[in-house]
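A.B. asks: Provide a 3D model corresponding to the input given below.
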Amino acid sequence: MSEIDYEKLAEIELQKDEAEDAQSGQEKTFVSPPFEDTELNINHPYYDITRHGIIQLAGDDNSGRKVIFSCCRMPPSQQLNHTRLLEYLKYTLDQCVENDYTVVYFHYDLKSLNKPSLKWLQTAYKEFDRKYKKNLKALYVVHPTNFIKILWNIFKPLISHKFGKKITYLNYLSGLREHLKYDQLNIPQEVIQHDENLWGKQKGKLPPVVKIPPPRPPLPTQQFGVSLQYLISSGSFHSPSQSTAAHHTILTILNRRKMHITETVSYLKRKGLQVEGLFRSASIHTIKDVQKLYNQGKSVNFDDYHDIHIPAVILKTFLRELPQPLLTFECYDPILGITSVESSLRVTRCKQIIHGLPEHNYIVLKYLICFLHMVSRESIYNRMTESSLACVFGLHLIWPSKGTASLSALVPLNLFTELLIDFYMNIFNSRTVPGEILP
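C.D. replies: Now for the predicted structure:
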């Protein structure tokens, strides 16, 4: 079948979808609300695209940060420059691809009026080269239709077997609960309504209700998912002979008790500084096993795993699972403002922000950034420049108190982190804490 035949067939299937939605009354049930992003600035280089909210950033889990692509927010084609949309997709993923990431694609409401051309889709797939594909861990296609099946037939000769295995089709939103932290997803109301209508067609069934068990109190030896204050004050980290531990800094105590943050940094400094692509990927199951060992107060020998990326990812996991980010919620808005500061004054502004941190947070941050600065000095070997490291660690150091960081927040958050790493000596040289240790 020729390409033009496929295009016609795809158009027919879209028209069928539209007719079915109209018959069920979905088109009259709700109207897409205007997308709001309080962090979006009219001076954003892709404001014409971002204002529609087609692409968003969701929370984080063991599979990586999630990028949401919602067709229901796509305006009619004459109102959207698809070349610009492709540029914005690449611009967005450039902020994420240094980490493992996941894409969730909500197919509902793709129609004849707003669908991109087949030629555009083919160009888009070719544009997303290995740089974008290697760290993509999963692509979830929610509410697929026959149109998707036709596209698959078109692209099948182009799609590698390895990439094809990353694609999962989900007929209902409930399927996402098996793979992702569902409550962190910013699902458009239209998609939720469509999902409920699909369930309703099954003899009046309602979407399944998932009961979330109440949180358990942390173990005395817990190291992940607890605050720095808990780590310093928990009785498990103090022996009777350490009655004066309160006079020591948190890193002194964690180092003496062989905590994972100092163990991982020490191990990586010895064996990982010249490893290409450090911090990028590791086995999810192994990471969970190592976390469990640490939380049970057991020792971990990273040599047993024969994978330098294990301690690297463990370090990121610790930061992301802190109840409050290392840079604290209070610093989120000031950090977002870094792009509006004159370039020559940005380092000074960074210094002002971090010098207002609580002592424990400041010490751990200084310890971490000192290490990342060391990593960046070996970028000729490990390919982890200050910019690359910022993309990896930016959203592990700071996030908003409610919801998740928007895509428009990625640039200032990553810029701030890059400045901390690049100008480490300048930013951290004027505040010292007695007894602190460095990597």
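A.B. asks: quick one: the helices in the stretch 101-250 of the chain?
C.D. replies: Counting by DSSP state H, counting those that start in this stretch, the stretch 101-250 of the chain has helices at residues 118-127, 130-133, 146-155, 161-164, 189-200, 228-233, 250-256.
A.B. asks: can you give the contact residues for the fourth one?
C.D. replies: Put plainly, it is helix 161-164. Contacts with helix 161-164, where a contact means C-beta atoms under 8 Å, 6 or more residues apart in numbering, come from Lys133, Lys156. Heads up, the C-betas are built off the backbone N, CA and C, glycines and all.
A.B. asks: let's see it at 7 Å
C.D. replies: Lys133 (C-beta atoms under 7 Å, 6 or more residues apart in numbering).
A.B. asks: any low-confidence regions in the stretch 1-150 of the chain?
C.D. replies: Residues of the stretch 1-150 of the chain meeting the criterion pLDDT under 70: 1-41, 60-64.
A.B. asks: which residues of it fall in strands?
C.D. replies: Along the stretch 1-150 of the chain, the stretches classed as strands by DSSP state E, counting those that start in this stretch are 55-57, 65-70, 101-106, 136-142.
A.B. asks: can you redo these as JSON lines with mean neighbour count and distance to Asp195?
C.D. replies: Below are the strands of the stretch 1-150 of the chain laid out as JSON lines (neighbours: other C-beta atoms under 10 Å; distance: least, C-beta to C-beta, whole Å):
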{"stretch": "strand 55-57", "mean neighbour count": "22", "distance to Asp195": "18"}
{"stretch": "strand 65-70", "mean neighbour count": "23", "distance to Asp195": "13"}
{"stretch": "strand 101-106", "mean neighbour count": "22", "distance to Asp195": "10"}
{"stretch": "strand 136-142", "mean neighbour count": "19", "distance to Asp195": "8"}
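A.B. asks: the ones you listed: which one's closest to Ser406?
C.D. replies: The closest of these to Ser406 is strand 55-57. By C-beta to C-beta, the value is 6.2 Å.
A.B. asks: winner for burial among the helices of the stretch 101-250 of the chain?
C.D. replies: Highest mean neighbour count among those (mean count of other C-beta atoms under 10 Å): helix 250-256, with a mean of 20.
A.B. asks: quick check: what element follows that helix along the chain?
C.D. replies: Going down the chain from helix 250-256, the next helix or strand is helix 260-271, by DSSP states H and E.
A.B. asks: could you say what helices and strands the next helix or strand after that next one packs with?
C.D. replies: Scanning forward in sequence from helix 260-271 by DSSP H and E, the next helix or strand is helix 284-295. Judged by 3 or more C-beta pairs under 7 Å, 6 or more residues apart in numbering; DSSP states H and E, the packing partners of helix 284-295 are helix 309-320.
A.B. asks: give me the distance between the next helix-or-strand element following the helix it packs on and the centre of its chain.
C.D. replies: The C-terminal neighbour of helix 309-320 among helices and strands, as given by DSSP H and E, is helix 332-336. From the chain centre to the centre of helix 332-336 is a distance of 18 Å (C-alpha atoms, centre = their mean, to the nearest Å).
A.B. asks: nearest to Tyr424, of the strands of the stretch 1-150 of the chain?
C.D. replies: strand 65-70 (25.1 Å).
A.B. asks: counting contacts, what elements does the closest one pack onto?
C.D. replies: Secondary-structure packing of strand 65-70 (3+ C-beta pairs under 7 Å, 6+ apart): strand 55-57, strand 101-106.
A.B. asks: would you turn those strands into TSV with distance to Gly272?
C.D. replies: TSV is the format used below for the helices and strands packed on strand 65-70 (distance: least, C-beta to C-beta, whole Å):
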stretch	distance to Gly272
strand 55-57	28
strand 101-106	22
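A.B. asks: who wins for proximity to Lys90 among these?
C.D. replies: Of all the helices and strands packed on strand 65-70, strand 55-57 comes closest under C-beta to C-beta, at 11.1 Å.
A.B. asks: and of the strands of the stretch 1-150 of the chain, who's closest to Gly394?
C.D. replies: strand 65-70 (10.7 Å).
A.B. asks: what pairs with that closest one, parallel or antiparallel?
C.D. replies: Applying DSSP bridges, strand 65-70 is found paired with strand 55-57 (antiparallel), strand 101-106 (parallel).
A.B. asks: so which of those is nearest Glu342?
C.D. replies: Glu342 sits nearest to strand 55-57 of all the strands paired with strand 65-70, at 27.7 Å, using C-beta to C-beta.
A.B. asks: what's that closest one in contact with?
C.D. replies: For strand 55-57, contacts defined as C-beta under 7 Å, 6+ apart pick out Arg65, Val67, Ile68, Phe69, Leu89, Thr92, Asn186, Thr404, Ala405, Ser406, Leu407.
A.B. asks: go with 8 Å
C.D. replies: So strand 55-57 is contacted by 49, 65-70, 88-89, 92, 96, 186, 404-407, 410 (C-beta under 8 Å, 6+ apart).
A.B. asks: how far does that strand sit from its chain's centre?
C.D. replies: Here strand 55-57 is found 10 Å from its chain centre; the criterion is C-alpha atoms, centre = their mean.
A.B. asks: for stretch 392-403, same thing?
C.D. replies: Using C-alpha atoms, centre = their mean, the offset of stretch 392-403 from its chain centre is 9 Å.
A.B. asks: ok, now stretch 146-160?
C.D. replies: For stretch 146-160, the distance to the chain centre is 27 Å (C-alpha atoms, centre = their mean).
A.B. asks: can you name every helix or strand that the helix or strand hosting Val392 contacts?
C.D. replies: If you go by DSSP H and E, Val392 is part of helix 386-397. Helices and strands touching helix 386-397, by 3 or more C-beta pairs under 8 Å, 6 or more residues apart in numbering; DSSP states H and E, are helix 309-320, helix 359-377, helix 407-422.
A.B. asks: and these: which comes nearest Ile353?
C.D. replies: Distance to Ile353, taken as C-beta to C-beta, is lowest for helix 407-422 among these, at 7.9 Å.
A.B. asks: contacts for the closest one?
C.D. replies: Contacts to helix 407-422, defined as C-beta under 8 Å, 6+ apart, come from residues 37, 39-41, 44, 50, 55-57, 92, 95-96, 335-339, 346-347, 350, 353-354, 365, 369, 372-373, 376, 386-387, 389-391, 393-395, 397-398, 400, 405, 427.
A.B. asks: good, we can wrap up now.
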